[in-house]
Each structure stands twice: as structure tokens, then as C-alpha cells.
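[1] how would this look folded up:
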Amino acid sequence: MNRSLFAVVALASLVSSGCGGPASADLAMTALGEDVDRLASEAEQHATEIAGATDVATILQMEKDHQPRVESMMDSMMQVMNGLSSCTHESGQSLDTMGMHGSTQKMLDECELHQQAMGKAADMAGARMEEDRHQKAMSSAIAAMRENYGMMQGHAGMVECSHCAMCGGM
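    All right, here's what the predicted structure looks like:
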């Protein structure tokens, strides 16, 4: 589903539901899952683009173009996770978003490390070696995100929010 269309549908649903309760948590969980999927898709697309590059300057430009797209997705994920972190189970306990926050921070750290390493790549062999290392690290990070999301999703139907979980806790 188109992200903009989903946001409009989610907003309309939240407004009609009083912007809280189980619907808010379910919509936020759906958005978070879509963000993880988009991030995985972006990583795959980026790997394909890099594989076709023929010089370091092109790779560096691709990295420069890739970075804001990833940061936007990560910002969206953090906003939703922040909103979900104050939602509670029927038992009164908060939804555990710490694993997902940790996975997200590891990915942000990896992206920063990769950006620094690519800036130091002297030739195509070095750039390709760094990109291969980065792709493996990203695959691992996305797998960890999916695992953490799965654990959170298992509790989503039992979670209520007294606020708009899609709004980052507002």
C-alpha cells in the first residue's frame, strides 16, 4: 500500500476512534512492519545499484543518495516506536519496544560506520569489499528487526493506547 495513502487511512481511522485504544496500536504496528519492509527493500535496491557501479565516484554518489532515504525510514520507525512505548498490555505493562529500539540503533551505528569507511575507499576493490561487509551487517540488522517486530506483534491485539501511537506518543 502506498505510504501516503496508508497515512491518510490511518489518520482518518485514528480520528474516528478518538486517537487511542487498540486501533491505534494496531495501526502503529502495521506502519512499523511496513517501515521494516521498506527498509529491507531499500537495502536490496541499493545493493543492486552498487553492484552495477563502475567507479568509486559513482558509488559515493549512490551512497549519498541512499542515506537520506534510509534516515527518513528510520525516523518514521523511531516515531512509531516512541508512540508504542507508552501503550500498555491488558496487564498494565508497557509494550516492550526496547529490542526494536536496540536493533534500530545498531543499524544507525552501522550506517555511520559504513559511510565513514566508504569515504576512505581508495579503489573499487576496497569499495566493493566494504559494501559486501555492510550488506551482510544490514541483512543481520534487518533480520533482528523482523524478529523484534514479530515479538511485539504477538502482543499488539492486547495493547491499548491512550494517545495516538502513530504520532510518536503525542
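[2] identify the bridge partners of residue 160.
    residue 88 (DSSP bridges).
[3] I'd say it and residue 25 touch.
    Yes: the pair residue 160 / residue 25 is scored as a contact, 6.5 Å apart, by CB atoms under 8 Å. Yep, even glycine has a C-beta here, placed from its N, CA and C like the rest.
[4] more neighbours: the two, which one.
    residue 25 (26 against 16; other CB atoms under 10 Å).
[5] give me the common contacts of residue 160 and residue 25.
    With contacts defined as CB atoms under 8 Å, 6 or more residues apart in numbering, the residues shared by residue 160 and residue 25 are residue 87.
[6] my read: residue 111 touches residue 69, true?
    No: here residue 111 does not reach residue 69: they are 11.2 Å apart, not a contact under CB under 8 Å.
[7] stretch 46-55: how far from the chain's middle?
    On the basis of CA atoms, centre = their mean, to the nearest Å, stretch 46-55 sits 22 Å off its chain's mean C-alpha point.
[8] what mean pLDDT does it get?
    Throughout stretch 46-55, pLDDT has a mean value of 94.
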